[in-house]
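Engineer: Got a sequence here, can you model it:
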Amino acid sequence: MRLTYRQVEYLRELARHDSIAAACKVLAISQSSVLAAIDVAEDVTGTQLFTRRKGHGIALTPAGRTFLISAHRFLASGEEFSRALEQFSETSGATLRIGCFVPFGALLIPPVIKRYTEQIGSCEFTLLEGDQTELRAWLASGEVDLIVTYDIGQEFGSSITPICKFPTHALVRADSKIAEMPAVSLKKLAEHPLVLLDLPETRVYLLGLFDNVVNRPRIGLRTRSYETVRSAVSNGLGVSILNIKPTPETIPDNDNLARVPLLENLRQPTLLVADPYGAQKPASVSAFISALHSYLGEIGPEQFAVVRSGDADGLMFPAP
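Structural biologist: Coordinates of the predicted model:
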């Protein structure tokens, strides 16, 4: 028996919904078709890929999760081939599904998309903005072609392209004494209420910085929004520590805000692109990575003071 492309699609939807009934509804097919796909896949692989959980749908086994990684790559190659055929007939343009760490949606991605379209041509983009946990889920389920994020928390798989590093810095009111300093210590910042970017793994990283040198500061405000962090600091509700800064083509800080380097020599998160394709990246994914490199290469030394990522593929800029 041979596993067909369509049957692999059935198995992807089954893994995505953890339910035979839900997968059948989405695919508009009978349960027998999905069950047949499971039987063929398990016969071909010689192992159990799914387990039934009474009252709780169906779940992937460890072998099933490994199978699904290969399945995503197989389906992605087929989808890329179909898009290429459509482009030959000029019936549609390319599409690219991007996932990004929430702040990047407003502060980084639009100028990169602009350069992509200038270099490659028209394209339909879908942008999903989420925290690190959501990004891993979207990548694993095949909902995105790539994600742009930091190397914070758990790993994002084996197909990683490091881009550059972003030094951690303080965000303070422009009329504060800290704003007059050439650099500020975490000990000094801890004397003020902290406006915390409260995303799951980001909060652990940011608060953990204080554990190395001083006690943690009192948290004045928790928010999942980068824009709310800026607004809160602008209104004197506290100080914050961040990594990314607005780029010249996105939303600038207002006149009430100042960004100050930190005195401590801290681990600097690496900006990276993760995708499910490995060495066989679709042309659109490779072009986006190239556009991201190009954009940060234009503005990096002035705007980000980024440094070498530690990988030959990383951008190299002088350290601050």
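Engineer: shaky segments in the stretch 51-200 of the chain?
Structural biologist: 54-56, 83-94 (pLDDT under 70).
Engineer: hey, where'd the strands end up in it?
Structural biologist: Assigned by DSSP state E, counting those that start in this stretch, the strands in the stretch 51-200 of the chain fall at 58-60, 94-101, 123-130, 146-150, 160-165, 169-173, 194-197.
Engineer: Nearest to Ser290, out of the ones you listed?
Structural biologist: Closest to Ser290 of these is strand 160-165 (Cβ to Cβ; 10.1 Å). Heads up, the C-betas are built off the backbone N, CA and C, glycines and all.
Engineer: ok, back up a step: would CSV of the strands of the stretch 51-200 of the chain with mean neighbour count be doable?
Structural biologist: Formatted as CSV, the strands of the stretch 51-200 of the chain follow (neighbours: other Cβ atoms under 10 Å):
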stretch, mean neighbour count
strand 58-60, 17
strand 94-101, 22
strand 123-130, 15
strand 146-150, 25
strand 160-165, 21
strand 169-173, 23
strand 194-197, 23
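Engineer: Adding distance to Leu292, write those strands out as TSV.
Structural biologist: As requested, these are arranged in TSV below (distance: least, Cβ to Cβ, whole Å):
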stretch	distance to Leu292
strand 58-60	32
strand 94-101	10
strand 123-130	13
strand 146-150	7
strand 160-165	6
strand 169-173	21
strand 194-197	22
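Engineer: Relative to Pro261, which of these is closest?
Structural biologist: Smallest distance to Pro261 across those (Cβ to Cβ): 5.4 Å, for strand 169-173.
Engineer: Now do the closest one: distance to the chain's middle.
Structural biologist: 24 Å (Cα atoms, centre = their mean, to the nearest Å).
Engineer: Tell me which strands that strand pairs with, and in which orientation.
Structural biologist: With DSSP bridges as the test, strand 169-173 is paired with strand 240-242 (antiparallel), strand 257-261 (antiparallel).
Engineer: Export that strand to PDB, keeping only CA atoms.
Structural biologist: Output of strand 169-173 as PDB, limited to C-alpha atoms (Å, rounded to 0.1, in the frame of the first residue of the first chain):
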ATOM      1  CA  HIS A 169      18.300  48.500  27.100                       C
ATOM      2  CA  ALA A 170      16.200  50.600  29.400                       C
ATOM      3  CA  LEU A 171      13.200  52.700  28.400                       C
ATOM      4  CA  VAL A 172      12.600  55.700  30.600                       C
ATOM      5  CA  ARG A 173      11.000  59.100  30.600                       C
END
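Engineer: just to revisit the earlier point, which one of the strands paired with strand 169-173 is the most hemmed in?
Structural biologist: With neighbours defined as mean count of other Cβ atoms under 10 Å, the strands paired with strand 169-173 peak in mean count at strand 240-242, which reaches a mean of 24.
Engineer: my read: Glu227 touches Ala106, true?
Structural biologist: Yes. If you go by Cβ atoms under 8 Å, Glu227 and Ala106 touch, sitting 7.2 Å apart.
Engineer: These two: which has the busier surroundings?
Structural biologist: Neighbour totals were compared for Glu227 and Ala106, and Ala106 leads with 16 against 12 (other Cβ atoms under 10 Å).
Engineer: mind checking how far that one is from Leu127?
Structural biologist: Going from Ala106 to Leu127 by Cβ to Cβ, to the nearest Å gives 10 Å.
Engineer: ok, now Val26?
Structural biologist: According to Cβ to Cβ, Val26 and Leu127 sit 23 Å apart.
Engineer: got it, and Lys165?
Structural biologist: To Leu127, Lys165 is 24 Å away according to Cβ to Cβ.
Engineer: follow-up on the earlier one: mind listing the shared neighbours of Glu227 and Ala106?
Structural biologist: Counting by Cβ atoms under 8 Å, 6 or more residues apart in numbering, the common neighbours of Glu227 and Ala106 are Ile251.
Engineer: average pLDDT for the helix or strand hosting Ser294?
Structural biologist: If you go by DSSP states H and E, Ser294 is part of helix 283-303. In this model, helix 283-303 has a mean pLDDT of 82.
Engineer: Render the CA-only coordinates of it in CSV, please.
Structural biologist: Provided in CSV are the C-alpha atoms of helix 283-303 (Å, rounded to 0.1, in the frame of the first residue of the first chain):
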residue,chain,number,x,y,z
ALA,A,283,12.0,30.5,-2.9
SER,A,284,9.6,32.8,-1.1
VAL,A,285,11.0,31.9,2.3
SER,A,286,14.6,32.3,1.2
ALA,A,287,13.6,35.7,-0.4
PHE,A,288,12.0,36.9,2.9
ILE,A,289,15.1,35.9,4.9
SER,A,290,17.3,37.8,2.4
ALA,A,291,15.0,40.9,2.7
LEU,A,292,15.2,40.8,6.5
HIS,A,293,19.1,40.5,6.3
SER,A,294,19.1,43.4,3.8
TYR,A,295,16.9,45.7,5.9
LEU,A,296,18.8,45.1,9.2
GLY,A,297,22.0,45.5,7.3
GLU,A,298,20.9,49.0,6.2
ILE,A,299,19.9,50.3,9.7
GLY,A,300,21.6,48.0,12.2
PRO,A,301,24.7,49.9,13.2
GLU,A,302,22.7,53.1,13.8
GLN,A,303,19.4,51.8,15.1
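Engineer: Brilliant, that's me finished.
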